[in-house]
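Undergrad: Give me a 3D structure for the following:
(chains A and B)
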Amino acid sequence: LAKTTQPISMDSYEGQEVNITCSHNNIATNDYITWYQQFPSQGPRFIIQGYKTKVTNEVASLFIPADRKSSTLSLPRVSLSDTAVYYCLVGRDDKIIFGKGTRLHILP
Amino acid sequence: NAGVMQNPRHLVRRRGQEARLRCSPMKGHSHVYWYRQLPEEGLKFMVYLQKENIIDESGMPKERFSAEFPKEGPSILRIQQVVRGDSAAYFCASSPSRTGWNEQYFGPGTRLTVT
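TA: Got it, this is the predicted structure:
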C-alpha cells in the first residue's frame, strides 16, 4: 500500500474554499485515491474517490494531476460543521490503512 | 435503511475481565471489518470477516483477541483478560462486496475503557 503524507492540521474560516493536499509518491498503477471524513466521536465516512483528473460530487471535488503522485481534496464554502479529520488513502486492498489524517478546524 | 449498529457505545471493564463488542452490518451487507483507534491516532485495521469466515486477521493481536461473524446475528469482537492498553475506540464497518475501498460504511464505534 502506498504511503501518504498530508498536513497534520489546517485552519480556515467559514465560507472559504479549503484545499487539502496529499502526497503519494509511490502510488501503484492500479491504486485509487480515496478520502474519508471523521467527526469527533463518530466513525469515518466516505467522501470521494478518484483515479485520475477530476472527480466532483455533492460534497467535494478531488483533483489528481497526470503523474498521480499527489491529490487535492477541495471543500467549497466550508461551514463550522466541516470541522473534522480528513484521511487520504491510496490503494485497493480490502482493508483500509488510515494515517493520522488532517485535522481541519473551521473558525467563525 | 438503518446504518451499521454497534453496541454498547461505551463499555467499562476492569483489568482481567472480558469485553464483548457487537456489530450489526447494514442490511444486505455480508462483509464486516473491525478497526481500533487510539486517542489522536488513525484507525488500525484488525480483522475482515464474511459470514462464518475470517478472511484476513493480519491486524489482530496474537493473544486474547478473537472475532466471529456467525450465520445469524451480529459480528462479535471479543477481548479476553483486558489490559489498560486495550482502552480505545473500536469501529466496525460493513460493505456489500469484497472490494470495499469506497463502500465501507462505519458504525459509531464502541469506546472501551479499562480501569
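Undergrad: which residues does residue B:91 bridge with?
TA: Beta-bridge partners for residue B:91, by DSSP bridges, are residue B:35.
Undergrad: shouldn't it be in contact with residue B:42?
TA: No. The criterion here is Cβ atoms under 8 Å, and residue B:91 misses it with residue B:42 at 11.2 Å. Quick note: C-beta positions are derived from backbone N, CA and C, even for glycine.
Undergrad: so where does residue 11 fall, helix or strand?
TA: No chain was given, so I picked chain A. strand A:9-13 (DSSP states H and E).
Undergrad: sorry, should have said chain B
TA: Going by DSSP H and E, residue B:11 is in strand B:10-13.
Undergrad: mind listing what that strand pairs with, with the direction of each?
TA: Here, using DSSP bridges, strand B:10-13 pairs with strand B:110-114 (parallel).
Undergrad: coming back round to it: quick one, which of residue B:91 and residue B:42 is more surrounded?
TA: residue B:91 (26 against 19; other Cβ atoms under 10 Å in any protein chain shown).
Undergrad: Look up phi and psi at residue B:85.
TA: Main-chain dihedrals, residue B:85, degrees, to the nearest 10: phi -70, psi -10.
Undergrad: Not counting residues beside it along the chain, what's closest to it?
TA: residue B:114 (7.9 Å; Cβ to Cβ, 6 or more residues apart in numbering or on different chains).
Undergrad: for residue B:92, same thing?
TA: Nearest non-adjacent residue to residue B:92 (Cβ to Cβ, 6+ apart): residue B:23, at 3.4 Å.
Undergrad: contacting residues for the nearest residue to residue A:70 once chain neighbours are set aside?
TA: Spatially, and ignoring its direct neighbours in sequence, residue A:70 is nearest to residue A:23 (5.0 Å; Cβ to Cβ, 6+ apart). Applying Cβ atoms under 8 Å, 6 or more residues apart in numbering or on different chains, we find residue A:23 in contact with A:4, A:5, A:6, A:69, A:70.
Undergrad: how about a cut-off of 7 Å?
TA: A:4, A:5, A:69, A:70 (Cβ atoms under 7 Å, 6 or more residues apart in numbering or on different chains).
Undergrad: Contact residues of chain A facing chain B?
TA: Proximity of chain A to chain B, by Cβ under 7 Å from any Cβ of the partner chain, involves residues A:32, A:34, A:42-46, A:49, A:87, A:92, A:94-101.
Undergrad: Can you say which of those are buried?
TA: With neighbours counted by 16 or more other Cβ atoms under 10 Å in any protein chain shown, the residues of chain A next to chain B contain buried members at A:32, A:34, A:43-44, A:46, A:49, A:87, A:92, A:94-99, A:101.
Undergrad: All good on my end, thank you.
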